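Asks: Following is a predicted model, sequence given first.
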Amino acid sequence: MSVAVVDEATITNFKAQLRGELVQPGDADYDAARKVYNGMFDKRPRFIVRCVDVADVISSVNFARDHSLLLAVRGGGHSAPGLGTCDDGLVIDLSRMKGVTVDPAAKTVRAEGGCVWGDVDHATHAFNLATPSGFISTTGVGGLTLGGGIGYLARAYGLTVDNLLSVDMVLADGSFVTANEREHPDLYWAVRGGGGNFGVVTSFLFRCHDVSTVYGGPIFWPLDQAKEVLTFWRDFILSAPEDINGWFGFVSVPPAPPFPEQYQGQTMCVIVWCYTGDLGQADERFKSIRALGTPAMDLAGPVPWPALQSLFDALFPPGLQWYWKADFITDLNDQAIELHTKYGAQLPTPYSTMHLYPINGAAHRPAKDAMAFNYRDANFAEVIVGVDPDPANNERMIAWARNYWLALHPYSAGGGYINMMMGEGDEQVRASYGENYDRLAQIKARYDPQNLFHVNQNIPPAK
Ligand SMILES: Cc1cc2nc3c(=O)[nH]c(=O)nc-3n(C[C@H](O)[C@H](O)[C@H](O)COP(=O)(O)OP(=O)(O)OC[C@H]3O[C@@H](n4cnc5c(N)ncnc54)[C@H](O)[C@@H]3O)c2cc1C
């Protein structure tokens with residue numbers, strides 16, 4: 001798309017329609033406003049609209065469309081490939097739309113499109129409720145939900161999309177709709193995994209569950225026990241009751257308390273647990289886990305849900321360089337485990353990591369075609385991330401992530417989780433949706449035939 005020229009009078013008129021702020025190059029906070037979480041992306045939009053309400057979103061969509069501007073939508077700004085911004089075009093920044101309303105009787109929560117998960121957890125925890133999200137509280141509700149949502153509660157209560165009851169959206173033609181089981185059911189089907197392809201979601205309605213204090217946290221093992229730990233974890237998590245979850249990772253022990261100095265900086269393997277069952281049973285339930293090998297550090301115990309969710313927030317501040325590779329795994333066989341122990345031991349920088357998230361249990365219950373998210377028969381989501389503050393290390397960490405992923409890809413289910421991929425292109429996006437892809441492309445053709453919303457893991461409209 002060529003860079004559109006918009007005259008000053010038109011810009012003044014647009015600005016007058018907004019309750020929120022229009023930030024342009026040269027404005028004092030332009031540099032702050034254009035920043036996204038992944039420091040690899042340093043783009044310079046022509047307009048950033050800090051929307052405060054649905055009317056602002058409608059005006060912004062209409063303005064971008066009518067002036068043929070490239071359009072990016074930003075929820076929490078955590079996108080791996082920096083999809084919450086663009087060069088020269090218009091960014092709809094939802095971060096000032098943070099309203100959250102809990103209905104304790106109905107056990108639902110409504111969150112506006114600019115919330116991050118910490119906003120939602122804070123609101124629901126007051127009622128001893130939670131809705132499934134991810135593993136960190138700084139991620140946007142918008143992007144995480146629209147891509148699927150894999151988190152601590154996936155085995156107990158499903159993915160985030162499995163708990164999404166309704167969305168309010170602004171479509172490419174500027175119209176405002178509600179999509180749920182009764183209204184626009186095709187759109188409701190598509191937004192549950194289809195990403196930001198279909199419009200701007202201004203609010204999400206989620207089902208909540210009785211989750212308050214859980215039993216969770218990390219247990220670390222030395223690297224020489226990695227094969228034994230990973231093998232145990234695979235077998236355990238494939239057959240465990242749904243109220244227990246734990247993701248496996250290779251990590252460098254952070255250089256700060258509460259981690260003992262003797263372990264700081266060491267590469268170890270970790271399982272970060274979340275048990276939502278009866279707390280009185282927790283010690284018994286963790287017996288076999290604690291009997292495994294010789295744990296170096298055991299930090300699991302009773303923890304309020306929002307505290308578990310925000311355990312890693314401070315370790316990953318905004319602005320680091322992030323390079324992501326992802327796959328879904330059905331069968332984590334012994335050869336794959338062998339390769340994991342090889343590459344996991346070679347983390348290229350202290351922030352870099354590999355995680356395997358379980359997506360079985362309740363996340364297996366919906367049919368593969370029940371909604372856009374397709375990998376209902378996969379047991380794990382694998383993510384390999386090279387992370388570092390210094391761009392000088394990018395080449396090295398990217399090479400590690402690619403080689404690791406290439407070695408494991410033959411053991412994968414084919415596609416990856418779109419929220420944990422860079423811009424791999426059409427083929428990988430198609431693989432991520434499997435047999436649901438064609439239906440998504442048809443729904444895209446119906447709601448966004450000109451592909452106005454294409455700064456995302458794009459599904460072009462069917463011809
Ligand atoms: C540190 C970190 C931890 C993560 N942990 C998890 C995890 O535990 N589980 C998990 O599932 N994922 C996780 N992710 C991946 C995360 O789900 C994606 O990065 C997601 O896209 C972030 O959403 P966002 O709103 O913050 O991003 P943004 O960059 O704002 O948006 C990402 C995409 O979604 C679109 N979008 C966002 N909001 C809206 C909206 N309201 N309406 C329409 N389109 C919208 C954007 O246009 C863009 O295409 C993590 C990412 C990071 C960086």
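Replies: That came in fine, so what should we check first?
Asks: Backbone torsions only: list them for the closest residue to Gly293 other than its chain neighbours.
Replies: Excluding the flanking residues, the one nearest Gly293 by C-beta to C-beta, 6 or more residues apart in numbering is Gln225, at 4.1 Å. For glycine as for every other residue, the C-beta is placed from the backbone atoms N, C-alpha and C. Main-chain torsions, Gln225, degrees, to the nearest 10: phi -100, psi 10.
Asks: Count the residues that sit near Gln225.
Replies: The tally of other residues near Gln225 (other C-beta atoms under 10 Å) stands at 19.
Asks: In the worst-scoring helix or strand of the chain on mean pLDDT, which residues are buried?
Replies: Within the chain, confidence by mean pLDDT, DSSP states H and E is lowest for helix 426-433 among all helices and strands, at a mean of 93. Neighbour-count burial for helix 426-433, counted by 16 or more other C-beta atoms under 10 Å, picks out 428-433.
Asks: just the residues you listed now: which is nearest the ligand?
Replies: The ligand lies nearest to Val429 out of the buried residues of helix 426-433, by C-beta to the nearest ligand atom, at 11.7 Å.
Asks: and the closest residue to the ligand within the stretch 151-300 of the chain, how far is that from Asp448?
Replies: Per C-beta to the nearest ligand atom, Gly196 is where the stretch 151-300 of the chain lies closest to the ligand, at 3.0 Å. Using C-beta to C-beta, to the nearest Å, we find Gly196 at a distance of 10 Å from Asp448.
Asks: And these two? Which one has more around it.
Replies: Higher neighbour count among Gly196 and Asp448: Gly196, with 25 against 20, using other C-beta under 10 Å.
Asks: List the residues that contact the more buried one.
Replies: 73, 83, 142-143, 146, 453, 455-456 (C-beta atoms under 8 Å, 6 or more residues apart in numbering).
Asks: Show me which residues of the stretch 51-200 of the chain sit near the ligand.
Replies: By the rule C-beta under 6 Å from any ligand atom, the part of the stretch 51-200 of the chain lying against the ligand is 73-80, 83-84, 94, 113, 134-136, 139-140, 142-144, 146-147, 149-151, 195-196, 200.
Asks: can you rerun that using 5 Å?
Replies: Contact residues (C-beta under 5 Å from any ligand atom) of the stretch 51-200 of the chain with the ligand: 73-79, 83-84, 113, 134-136, 139-140, 142-144, 149-150, 196, 200.
Asks: now swap in the stretch 251-400 of the chain and tell me
Replies: Residues of the stretch 251-400 of the chain lying close to the ligand (C-beta under 5 Å from any ligand atom) are Phe316.
Asks: Okay, strands next: where are they in the stretch 251-400 of the chain?
Replies: 267-275, 297-298, 301-304, 321-329, 353-358, 380-388 (DSSP state E, counting those that start in this stretch).
Asks: Likewise for the stretch 51-200 of the chain?
Replies: Counting by DSSP E, counting those that start in this stretch, the stretch 51-200 of the chain has strands at residues 71-74, 90-93, 100-103, 108-112, 129-130, 164-170, 176-180, 200-207.
Asks: buried ones in the third one?
Replies: The neighbour-count check on strand 100-103 (16+ other C-beta under 10 Å) flags 100, 102 as buried.
Asks: quick one: contacts of that strand?
Replies: Here strand 100-103 has contacts from 108-112, 115, 119-120, 122-124, 126-127, 129, 208, using C-beta under 8 Å, 6+ apart.
Asks: Which among the residues you listed count as buried?
Replies: With burial judged by 16+ other C-beta under 10 Å, the buried subset of the contacts of strand 100-103 is 108-112, 115, 119-120, 123-124, 127, 129, 208.
Asks: Where does the prediction get shaky in the chain?
Replies: 1-4 (pLDDT under 70).
Asks: Report how many residues lie close to Asp88.
Replies: By other C-beta under 10 Å, the residues close to Asp88 number 15.
Asks: just Ala105 next, same as before
Replies: Burial of Ala105 is recorded as 7 neighbouring residues (other C-beta under 10 Å).
Asks: quick one: contacts for it?
Replies: So Ala105 contacts nothing (C-beta under 8 Å, 6+ apart).
Asks: I'd like to know how far it sits from Phe127.
Replies: From Ala105 to Phe127 the distance is 10 Å (C-beta to C-beta).
Asks: now the least confident helix or strand of the chain against strand 321-329, angle please.
Replies: Helix 426-433 runs at 50 degrees relative to strand 321-329, counting by axes from the mean of the first three to the mean of the last three C-alpha atoms, to 10 degrees.
Asks: Does the ligand have contacts with the very next helix or strand once past helix 426-433?
Replies: For helix 426-433, the following helix or strand on the C-terminal side (DSSP states H and E) is helix 437-447. No - applying C-beta under 5 Å from any ligand atom, one finds helix 437-447 separated from the ligand by no less than 12.3 Å.
Asks: tell me the angle helix 437-447 makes with strand 164-170.
Replies: Angle between the axes of helix 437-447 and strand 164-170 is 40 degrees (criterion: the same axes, to 10 degrees).
Asks: Helix 437-447 packs against which elements?
Replies: Packing partners of helix 437-447 (3 or more C-beta pairs under 8 Å, 6 or more residues apart in numbering; DSSP states H and E): helix 185-191, helix 426-433.
Asks: For that helix, which residues meet the burial criterion?
Replies: 437, 439-441, 443-445, 447.
Asks: which residues sit against it?
Replies: 171-172, 186-187, 189-190, 194, 197-199, 369, 372, 429-430, 433, 451, 459-463.
Asks: Going through these, which ones are buried?
Replies: If we count by 16+ other C-beta under 10 Å, those have these buried: 171-172, 187, 189-190, 194, 197-199, 372, 429-430, 433, 459, 461.
Asks: Find the pair from these with maximum spatial separation.
Replies: Farthest pair in the buried ones among the contacts of helix 437-447 (C-beta to C-beta) is Leu171 and Arg430. Separation: 23.7 Å.
Asks: sorry, back to before: export the helices and strands packed on helix 437-447 to JSON lines and append columns for distance to Gln264.
Replies: Shown next, in JSON lines, are these (distance: least, C-beta to C-beta, whole Å):
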{"stretch": "helix 185-191", "distance to Gln264": "43"}
{"stretch": "helix 426-433", "distance to Gln264": "37"}
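Asks: just curious, which of the buried residues of helix 426-433 is nearest to Ala16?
Replies: The closest of the buried residues of helix 426-433, once distances to Ala16 are taken by C-beta to C-beta, is Val429, at 38.6 Å.
Asks: residues contacting that closest one?
Replies: Neighbours of Val429 in contact, by C-beta under 8 Å, 6+ apart: 418, 437, 457-459.
Asks: Asp369 contacts Arg376, correct?
Replies: No - judged on C-beta atoms under 8 Å, Asp369 makes no contact with Arg376 at a distance of 9.1 Å.
Asks: about what we covered before: can you redo the strands of the stretch 51-200 of the chain as TSV with distance to Ala326?
Replies: As requested, the strands of the stretch 51-200 of the chain are exported to TSV (distance: least, C-beta to C-beta, whole Å):
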stretch	distance to Ala326
strand 71-74	21
strand 90-93	25
strand 100-103	29
strand 108-112	25
strand 129-130	25
strand 164-170	21
strand 176-180	27
strand 200-207	23
